[in-house]
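K.L.:
predicted model follows, preceded by the sequence.
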2 protein chains.
Amino acid sequence: MTEDAPAAAGSARTQAPAGARKRDAAATRAAILRAAREAFTERGYDGAGVREIAGAAGVDTRLISRYFGSKEGLFAEVVDIAYEKSLLMTPELNEEAARALLLGMDKAASDGLLLTLRSAANPRAAAVMRESIERNYQRRLADALPGAEATGRASLLIAICAGVLLDRMLLGHTALNSPSTETLVPYLRAALDAVAKAPEEEGKPGEEA
Amino acid sequence: MTEDAPAAAGSARTQAPAGARKRDAAATRAAILRAAREAFTERGYDGAGVREIAGAAGVDTRLISRYFGSKEGLFAEVVDIAYEKSLLMTPELNEEAARALLLGMDKAASDGLLLTLRSAANPRAAAVMRESIERNYQRRLADALPGAEATGRASLLIAICAGVLLDRMLLGHTALNSPSTETLVPYLRAALDAVAKAPEEEGKPGEEA
DNA sequence: CTTGCATGTCCACCACTGTGGACATACGCT
DNA sequence: AGCGTATGTCCACAGTGGTGGACATGCAAG
């Protein structure tokens, strides 16, 4: 009770086999985390219940409270993990980023954004995610961006990607899920480029019609 | 019970004063709709409860069931109304659209998207919104877009706007809510232009780095 | 005025949510 | 081997969610 991460606090026996052991806190934690990631990604913060998560993980509901303090604590850890391996939009990667967003199946890469979309309605969850995004994702992306105002532009890029994912995955926009969706790739890439590239090295973004 | 809109079915007395009348089905419906729009926009489909909505409207909870069938029915009507006066992104309006999205206060215009964002987590609500977006918003926008693949590009534009709103309003991204946010306007406009403008009249969207 | 119908009001139900304390068990150390 | 302690398991609570049927009421027509 004195700490939140008993698994990390276990001094000598932390190196458990992590296999099908029954009495392994680390494995239990991992199982909960895994189930929670799936549940939160699919149903959102409000939609996913602790009983459901615990059930999917094959553990008791109480373990969640014990290990993560609360549902919100669990969510925070899930969010942090999800954003560690998120899609990156650098000027060089915009083509494949656009392709991945519009046609893409790279579930791992889009999990972070998807998680965000599904849970954004809850203010508590939104705060947790904002903090995590700014700390992990946005900062990493800003470092990869050339030119000035990198942080703001990184946020813009994230926003654009999130929006596309929103329409495609959540709303199920038919126009974004049809065979002709591939036609849209260059447009999306152009939009990403407009933000990702430094203003100098493109044809000046502010070009009037 | 035979129809969903008893107000429209009211033959002779439909022309009620709509004032502070107590016995006016049309006014009651309108009040519920108004309260529901606010509640759904602020808390999302799952977050807003029928009791809360009825309370805000000053009516009884049962009226919602009676007039709209269910919470979902009420939501569907709210969504339809919200998208009637939504932000439009045409090539000529991208500047102000970008400004409105990043700095904007035009609550009425962004209500539709905001509503969508906050309720997208619920699959039922998502389906309702997708249908409404495609029927109202996207189609209207596609008609205003020049060039080919207008429908897909309209979806893309909607997605981008939704994403920006998501980061700004829901997540509360600090980078998108700071004084320097104005600096990002040209970037966002460029991104919108890249999609809204016909490929020919711009400098070819697919320009490699 | 009386009657018929729509309009509004109350109740309760059942399902489900997240959270907490007390107890049995198995592992690791001595 | 025995013990300590972490690890896992159980129930119950209080609160809230949406939904439905039976009753009182006011308006309009006969």
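P.N.:
Great, that's in hand.
K.L.:
only C-alpha atoms for contact and neighbour calcs from this point on.
P.N.:
Fine.
K.L.:
what sits closest to A:Ala31 if chain neighbours are left out?
P.N.:
A:Ala57 (5.3 Å; C-alpha to C-alpha, 6 or more residues apart in numbering or on different chains).
K.L.:
tell me, how many residues neighbour the one you found?
P.N.:
Other residues within reach of A:Ala57, judged by other C-alpha atoms under 10 Å in any protein chain shown, total 19.
K.L.:
contacts only, for it.
P.N.:
By C-alpha atoms under 8 Å, 6 or more residues apart in numbering or on different chains, A:Ala57 lies in contact with A:Thr28, A:Ala31, A:Ile32, A:Arg34, A:Ala35.
K.L.:
what's the spacing between stretch A:85-100 and its chain's center?
P.N.:
Relative to the centre of its chain, stretch A:85-100 is centred 14 Å away, using C-alpha atoms, centre = their mean, to the nearest Å.
K.L.:
one more: stretch A:174-188?
P.N.:
Relative to the centre of its chain, stretch A:174-188 is centred 23 Å away, using C-alpha atoms, centre = their mean.
K.L.:
outline the domain layout of chain A.
P.N.:
Recorded structural domains for chain A (assignment: automatic domain parsing) are A:20-75, A:83-196.
K.L.:
now, of those, which is deepest in the fold?
P.N.:
domain A:83-196 (a mean of 22; mean count of other C-alpha atoms under 10 Å in any protein chain shown).
K.L.:
average pLDDT for that domain?
P.N.:
Averaging pLDDT along domain A:83-196 gives 88.
K.L.:
with stretch A:28-43 instead?
P.N.:
94.
K.L.:
does it come close to DNA strand D?
P.N.:
Yes. Using C-alpha under 7 Å from any atom of the strand, stretch A:28-43 reaches DNA strand D at A:Thr28.
K.L.:
quick one, phi psi at the residue positioned nearest the centre of chain A?
P.N.:
Among the residues of chain A, A:Gly112 comes closest to the average C-alpha position under C-alpha atoms, centre = their mean, at 0.9 Å. With angles defined as degrees, to the nearest 10, A:Gly112 sits at phi -60, psi -50.
K.L.:
so it sits against A:Ala82, correct?
P.N.:
Yes. A:Gly112 is within contact range of A:Ala82, at 4.8 Å (criterion: C-alpha atoms under 8 Å).
K.L.:
and DNA strand C, is the longest helix seen in chain A touching that?
P.N.:
Counting residues, the longest helix found in chain A (DSSP state H) is helix A:25-47. Yes. Using C-alpha under 7 Å from any atom of the strand, helix A:25-47 reaches DNA strand C at A:Asp46.
K.L.:
tilt between that helix and helix B:25-47?
P.N.:
170 degrees (axes from the mean of the first three to the mean of the last three C-alpha atoms, to 10 degrees).
K.L.:
helix or strand next in line after helix A:25-47, which one?
P.N.:
Going down the chain from helix A:25-47, the next helix or strand is helix A:50-57, by DSSP states H and E.
K.L.:
surely A:Ser70 meets A:Thr61?
P.N.:
No. Here A:Ser70 does not reach A:Thr61: they are 10.9 Å apart, not a contact under C-alpha under 8 Å.
K.L.:
what residues are shared contacts of these two?
P.N.:
Joint contacts of A:Ser70 and A:Thr61 (C-alpha under 8 Å, 6+ apart) do not exist.
K.L.:
so which elements touch whichever strand or helix holds A:Leu192?
P.N.:
Secondary structure assignment for A:Leu192, by DSSP H and E: helix A:185-196. Applying 3 or more C-alpha pairs under 8 Å, 6 or more residues apart in numbering or on different chains; DSSP states H and E, one finds that helix A:185-196 makes contact with helix A:94-103, helix A:150-165, helix B:185-196.
K.L.:
repeat the analysis, applying 10 Å as the threshold.
P.N.:
Contact partners of helix A:185-196 among helices and strands, from 3 or more C-alpha pairs under 10 Å, 6 or more residues apart in numbering or on different chains; DSSP states H and E: helix A:94-103, helix A:139-144, helix A:150-165, helix B:150-165, helix B:185-196.
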